[in-house]
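Chemist: This is a predicted model, with the sequence first.
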Amino acid sequence: MATPIVVQSPPIPVPIPTPAPDTQFVTPVPVISPQYCELYPFDLAIVRKVRIFSFHNFVVTDTNGNVIFNVKARASLFRDRRVLFDAAGNPVVTLRQKITSRHSRWQVFRGESEDPSDLIFSVKKSLAFHWTKTKYYVYLANNNNEDVCDYKIEQRGSCKRSCIIYAGVSSTVVAQKH
């Protein structure tokens, strides 16, 4: 019996997405999950649902109108609580406002959990007052001392609709919203 001959063609190179020349990039660091990391910039739109009982509910879509995330307020008597769902309806994270915080602190947990062991990160608002700029500091769950933030968010403009997210206290841009 003859031995079969296997011919392999050389691999076809796959083009690697490259950023626009004016865009800074860092190696993606998954905070929630690698499936939510991209190597290139992309646009998302936040669409608020305008209904009396769904004021805090909104959807996040891509530029083609495809739903990427849903955010739904969950009933809670003493605190503000929202859950982010992926397009398939799976809970990604729960955002909970901490009541006893003077910094307007929010905590973010895995899925629909509020167990301290599922804490991913917390966000606190800077106490410094500025008309056109607000700063938020993000601390990952393992940053117990909170001496230096892991990410910094700067909201800008009179309506504060645009923001830039920096890696720590550096000038390295991780993401931005216009």
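Modeler: Ah, there it is.

Chemist: Any stretches of the chain with poor pLDDT?
Modeler: Low-confidence segments of the chain (pLDDT under 70): 1-28, 49-56, 75-78, 100-103, 128-132, 157-161.

Chemist: which residues of it fall in strands?
Modeler: Counting by DSSP state E, one finds strands in the chain at the ranges 44-48, 58-62, 67-73, 81-86, 91-97, 106-110, 119-125, 133-140, 151-156, 162-167, 173-177.

Chemist: how about TSV for those, with mean neighbour count added?
Modeler: C-beta here means a position set from N, CA and C on the backbone, and glycine is covered the same way. TSV is the format used below for the strands of the chain (neighbours: other C-beta atoms under 10 Å):
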stretch	mean neighbour count
strand 44-48	11
strand 58-62	16
strand 67-73	16
strand 81-86	18
strand 91-97	19
strand 106-110	21
strand 119-125	19
strand 133-140	18
strand 151-156	19
strand 162-167	16
strand 173-177	15
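
Chemist: Indicate which one of those strands is closest to S33.
Modeler: strand 91-97 (7.7 Å; C-beta to C-beta).

Chemist: Just give the strands next to the closest one in its sheet, each with its orientation.
Modeler: Taking DSSP bridges as the criterion, strand 91-97 sits next to strand 81-86 (antiparallel), strand 106-110 (antiparallel) in its sheet.

Chemist: List the contacts of the longest one.
Modeler: Pointing back at strand 81-86 there. Outside strand 81-86, the residues within contact range by C-beta atoms under 8 Å, 6 or more residues apart in numbering are 56, 68-74, 91-97, 112, 114.

Chemist: got CSV for the strands paired with strand 91-97, with distance to S171 too?
Modeler: Converted to CSV, those look like this (distance: least, C-beta to C-beta, whole Å):
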stretch, distance to S171
strand 81-86, 28
strand 106-110, 25
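
Chemist: Which of those strands sits closest to Y40?
Modeler: From the strands paired with strand 91-97, taking C-beta to C-beta, the stretch that ends up closest is strand 81-86, at 20.0 Å.

Chemist: now that closest one against strand 67-73, angle please.
Modeler: Here strand 81-86 runs at an angle of 160 degrees relative to strand 67-73 (axes from the mean of the first three to the mean of the last three C-alpha atoms, to 10 degrees).

Chemist: Not counting sequence-adjacent ones, nearest residue to N66?
Modeler: Nearest residue to N66, sequence neighbours excluded (C-beta to C-beta, 6 or more residues apart in numbering): A87, at 7.4 Å.
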